[in-house]
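Q: need the 3D shape of this:
(one chain, ligands or ions: 1)
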Amino acid sequence: MSGGNTAAGQELPRHIAIIMDGNGRWAKKRGLPRSVGHKAGAETLRRIQAYCHKIGIRYLTGYAFSTENWKRSQEEVNAIMALFRHYLLEAIESLERDHVRLHFFGDMGPISPELLELVHRTDDISAHLPEDYFHANVCLNYGGRDEIVRAARKFAADCAAGRRRPEDLDEGLFANLLDTAGTPDPDLFIRPGGELRLSNFLLWQSAYAEFYFTDTLWPDFTTEEIDRAIDAYRNRERRFGGAK
Ligand code: FPP
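A: Numbers count the residues shown, from 1 in each chain. Take a look at the predicted model:
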């Protein structure tokens with residue numbers, strides 16, 4: 001496994017970001033409703049989170065529901081929201097025991113009051129847990145462009161109120177206005193499901209991420225597959241725009 005003892009050059013990635021794609025196709029191949037694929041996808045997330053924690057990854061961010069996913073059928077949206085509810089209730093019971101801090105990224109405006117209350121409870125529990133615990137992040141009603149626009153609005157409001165001047169803005173200040181404030185940028189960005197695109201995920205934060213694409217559908221994604229992604233990452237040379 002990749003838990004720190006391969007001969008590759010890079011350290012383990014500190015932060016892994018994953019687009020959990022392919023749940024629908026996984027279900028269709030089995031003649032099952034899409035919601036069953038999402039349920040299997042949520043199980044995979046639990047497994048991969050636990051494994052990343054075990055091997056020493058510090059941050060894992062999963063893209064679970066985008067600002068565009070509301071266009072899906074009401075039945076599918078309801079099924080995903082029910083999975084969130086279940087996931088949150090489980091988290092409330094287990095975060096402290098498992099040494100995990102859970103955080104949600106995205107615009108919580110359109111989220112139902114019941115779900116929002118659970119999100120606030122997990123935020124509250126997480127805020128009181130030690131910073132060196134594993135950081136699990138889930139993107140809910142998240143879009144990279146939407147996040148950047150919301151951050152720009154906050155800065156504009158601060159300027160209008162006289163708390164900031166336009167010339168105060170730099171990359172560090174702007175990053176602190178994003179949902180991910182305080183979270184290091186992802187080192188490794190994984191997209192299962194065969195599509196070769198970013199789909200509006202962590203646009204600002206993935207400026208220097210290393211990408212790993214695989215045809216494996218998310219519910220079939222295994223710990224061996226994440227080891228392969230980490231090994232590929234560790235064999236890359238990261239230059240961050242500098243010369244060799
Ligand atoms: C993309 O696959 C997946 C989603 C839009 C939903 C992801 C949701 C989960 C993994 C479960 C809920 C998560 C939590 C944390 C409870 P797709 O449906 O677009 O797949 P397809 O491309 O095969 O149609």
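Q: which SSE is I230 in?
A: Per DSSP states H and E: I230 is located in helix 223-234.
Q: with just CA atoms, put that helix into CSV.
A: Only the C-alpha atoms of helix 223-234 are listed here, as CSV (Å, rounded to 0.1, in the frame of the first residue of the first chain):
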residue,chain,number,x,y,z
THR,A,223,-8.5,1.2,-1.5
GLU,A,224,-6.2,-0.5,-4.1
GLU,A,225,-7.3,2.1,-6.6
ILE,A,226,-6.6,5.0,-4.2
ASP,A,227,-3.2,3.4,-3.6
ARG,A,228,-2.6,3.5,-7.4
ALA,A,229,-3.6,7.2,-7.5
ILE,A,230,-1.3,8.0,-4.6
ASP,A,231,1.6,6.1,-6.2
ALA,A,232,1.1,8.0,-9.4
TYR,A,233,1.1,11.3,-7.5
ARG,A,234,4.3,10.3,-5.7
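Q: whichever residue of the chain sits closest to the ligand: neighbouring residues, count only.
A: Proximity of the chain to the ligand (C-beta to the nearest ligand atom) peaks at G24, 2.6 Å away. Every C-beta, even on glycine, is put in place using the N, C-alpha and C of the backbone. G24: 20 surrounding residues under other C-beta atoms under 10 Å.
Q: who are the packing partners of the helix or strand containing it?
A: Assigned by DSSP H and E, G24 belongs to helix 23-29. Applying 3 or more C-beta pairs under 8 Å, 6 or more residues apart in numbering; DSSP states H and E, one finds that helix 23-29 contacts helix 34-55.
Q: quick one: the helix it packs on to chain centroid distance?
A: How far helix 34-55 lies from its chain's middle: 12 Å, per C-alpha atoms, centre = their mean, to the nearest Å.
Q: what does it rub up against?
A: Applying C-beta atoms under 8 Å, 6 or more residues apart in numbering, the external contacts of helix 34-55 come out as 1-4, 12, 16, 18, 20, 22-28, 30, 60, 62, 64, 75-76, 79-80, 83, 86-87, 98-100, 134, 136, 218-221, 223, 226, 230.
Q: near the ligand at all, whatever helix or strand comes next after that helix?
A: Going down the chain from helix 34-55, the next helix or strand is strand 59-66, by DSSP H and E. Yes. Against the ligand, strand 59-66 shows contacts by C-beta under 6 Å from any ligand atom at 64-65.
Q: using PDB, write down the CA coordinates of strand 59-66.
A: The C-alpha coordinates for strand 59-66 follow below in PDB (Å, rounded to 0.1, in the frame of the first residue of the first chain):
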ATOM      1  CA  TYR A  59      -7.700  16.100   4.400                       C
ATOM      2  CA  LEU A  60     -10.200  14.400   2.000                       C
ATOM      3  CA  THR A  61     -12.800  16.500   0.100                       C
ATOM      4  CA  GLY A  62     -15.600  14.800  -1.700                       C
ATOM      5  CA  TYR A  63     -17.900  16.400  -4.300                       C
ATOM      6  CA  ALA A  64     -21.300  15.100  -3.400                       C
ATOM      7  CA  PHE A  65     -23.800  17.600  -4.800                       C
ATOM      8  CA  SER A  66     -23.200  20.500  -7.100                       C
END
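Q: returning to that earlier point: and the helix holding I230, what does it pack onto?
A: strand 15-19, helix 34-55, strand 188-191, strand 210-213.
Q: right, and these - which one's nearest F155?
A: strand 15-19 (24.2 Å; C-beta to C-beta).
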